[in-house]
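Trainee: A structural model of the following input is requested.
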Amino acid sequence: MTALFREIRAACAEVVERARFVRLDPAPLEALALALAAERAAPPAYDPTTHHRGTQASTLAYVLTLDAINFGSGWFPRLRKRAGRSGYYAIAMGLKDRFDDEGAWHAAELAELGGAEVARVLGQDAADPEVAELMDLYARALNQLGELLLSRFGGRFEALVDEAAGSAEQLVAVLACMPFYRDVARYDGATPGFCVPFYKRAQITAADLALAFDATGPGRFDDLDQLTAFADNLVPHVLRMEGALRFDPQLEARIEAGALLPAGSPEEVEIRAAGLHAVERLVDACARAGMPTTARELDFALWHRGQRPEMKARPRHRTRCVWY
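Mentor: Numbering: from 1, shown residues only. Predicted structure coming up:
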C-alpha cells in the first residue's frame with residue numbers, strides 16, 4: 001500500500017480510537033457486511049444520461065472540471081434541483097448540458113470565470129445570497145484549476161493526468177497543488193492533536209476517471225484498489241441509519257434539527273473519519289463473508305443506498321466547506 005493511503009487509514013483509525021462523539025457498533029457493522037455480500041451490487045458504471053460523454057478530450061475535461069466543484073453539500077438544500085435528483089446531480093447535469101451544447105471551457109476561460117456565470121450554467125439562483133456564496137466558491141475552484149493548467153501543463157487537461165503516470169496517489173499529489181484540494185483536518189478532540197488527511201475529492205477524481213474510461217488510457221491507475229472511502233456526509237449517514245455508527249445523543253439532535261456542523265470541529269472530523277474507518281472494517285467483514293471487495297466499491301454501494309427514500313427521509317450532517 002502506498003504511503004499516502006496508509007497514512008489516511010491510520011489517521012482515521014486513530015480518530016476512531018480517541019473519538020468522543022462517534023463510535024462504531026460491531027454487530028450492526030457485521031450484519032451490514034453480510035447484507036452487502038448477499039446483494040453483490042453491480043459494479044459502478046459511468047452514466048452518460050447524467051454525465052457528459054463525448055470525445056476522449058472533452059470527457060476528460062468534463063471529469064476534471066466536475067470534480068473541481070464536487071463539493072457544497074452543506075448548501076445543497078438551497079439549490080434548484082432536477083426532478084427526483086440530488087444536489088450532486090444538479091451540478092453534474094448542469095455541467096453536462098454546458099459541455100454537450102458548448103464544449104469544455106479552455107484553461108484560460110476557467111481562470112477568469114465568475115460566480116454569476118457559474119450560476120447561469122448550473123441553473124442556480126444567484127440572487128439567493130447563500131447560493132451565490134457557493135457559486136463564488138465554485139468559480140474560485142475553477143479559477144484554481146485553470147491557473148494550474150496554464151502554469152504547469154500548457155493549458156492541457158491531458159498533461160495534468162499524464163503527470164500522475166498511472167498512479168492515483170500521484171494524481172492526489174498533483175491535484176493537492178490547488179488549495180481547495182488540500183483536504184487535511186486538524187483533530188483536537190484529544191491531546192495531543194494531530195492532522196487527519198482525507199483528500200476526498202482528489203481520490204474520487206481518480207475513481208471517476210477510471211469509470212469514465214473503463215480503467216484504460218486517462219483512467220488507468222495501477223493503485224486504484226488502494227483508494228479509501230471518500231469521506232463525505234452521505235456514507236456516514238447511511239452507516240448511522242444502519243446502526244453501524246452511533247452518535248452522541250446531543251450531536252444526533254443537532255443533526256436532526258438541521259444545525260450546521262463547523263468544518264474541522266471534533267464532531268465533524270470524527271464523523272468523516274469513522275465513516276472511512278467503518279468502510280475498512282466492512283471490507284474485512286465482506287472478505288470473511290466470501291465477497292472480496294475494495295473500499296472504493298463499498299463506498300459506491302453505500303452511496304447508492306443513500307439514494308433510497310428511507311435514507312433521504314432523515315437529515316444527514318451538513319457542513320459548509322470545499323471538501324465535500
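Trainee: do you know how far residue 197 is from residue 301?
Mentor: Residue 197 sits 24 Å away from residue 301, taking C-beta to C-beta, to the nearest Å as the criterion. Glycine gets a C-beta too; all of them are placed from N, C-alpha and C.
Trainee: For residue 175, grab the count of nearby residues.
Mentor: Summarising burial for residue 175: neighbours were counted as other C-beta atoms under 10 Å, giving 26.
Trainee: if I look at it, how far off is residue 133?
Mentor: 23 Å.
Trainee: Apart from its chain neighbours, what residue comes closest to residue 75?
Mentor: Excluding its sequence neighbours, the residue lying closest to residue 75 (C-beta to C-beta, 6 or more residues apart in numbering) is residue 134, at 4.3 Å.
Trainee: got it, and residue 40?
Mentor: Here the nearest residue to residue 40 in space, its sequence neighbours aside, is residue 291; by C-beta to C-beta, 6+ apart that works out to 6.5 Å.
Trainee: Also residue 7?
Mentor: Across the structure, with C-beta to C-beta, 6+ apart as the measure, the residue nearest residue 7 apart from its sequence neighbours is residue 197 (6.0 Å).
Trainee: Would you mind confirming that the one you found is in contact with residue 14?
Mentor: No: contact criterion C-beta atoms under 8 Å: residue 197 and residue 14 do not qualify, at 11.8 Å.
Trainee: more neighbours, these two?
Mentor: Neighbours were counted for residue 197 and for residue 14 using other C-beta under 10 Å; residue 197 has more, 22 against 16.
Trainee: Next up, the contacts around that one.
Mentor: Counting by C-beta atoms under 8 Å, 6 or more residues apart in numbering, residue 197 touches 4, 7-8, 11, 183-184.
Trainee: Can you pull the phi/psi pair for the residue nearest to residue 7?
Mentor: As for residue 197, its main-chain torsions (degrees, to the nearest 10) stand at phi -80, psi 140.
Trainee: What of residue 194?
Mentor: phi -160, psi 170.
Trainee: Need the per-residue pLDDT for it.
Mentor: Residue 194 is assigned a predicted lDDT (pLDDT) of 95.
Trainee: excluding its backbone neighbours, what's nearest it?
Mentor: With C-beta to C-beta, 6+ apart as the criterion, residue 194 has its nearest non-adjacent residue at 6.0 Å, and that residue is residue 187.
Trainee: From residue 19, how far off is residue 13?
Mentor: When C-beta to C-beta is the yardstick, residue 13 and residue 19 sit 11 Å from each other.
Trainee: the more surrounded of the two?
Mentor: Higher neighbour count among residue 13 and residue 19: residue 19, with 22 against 16, using other C-beta under 10 Å.
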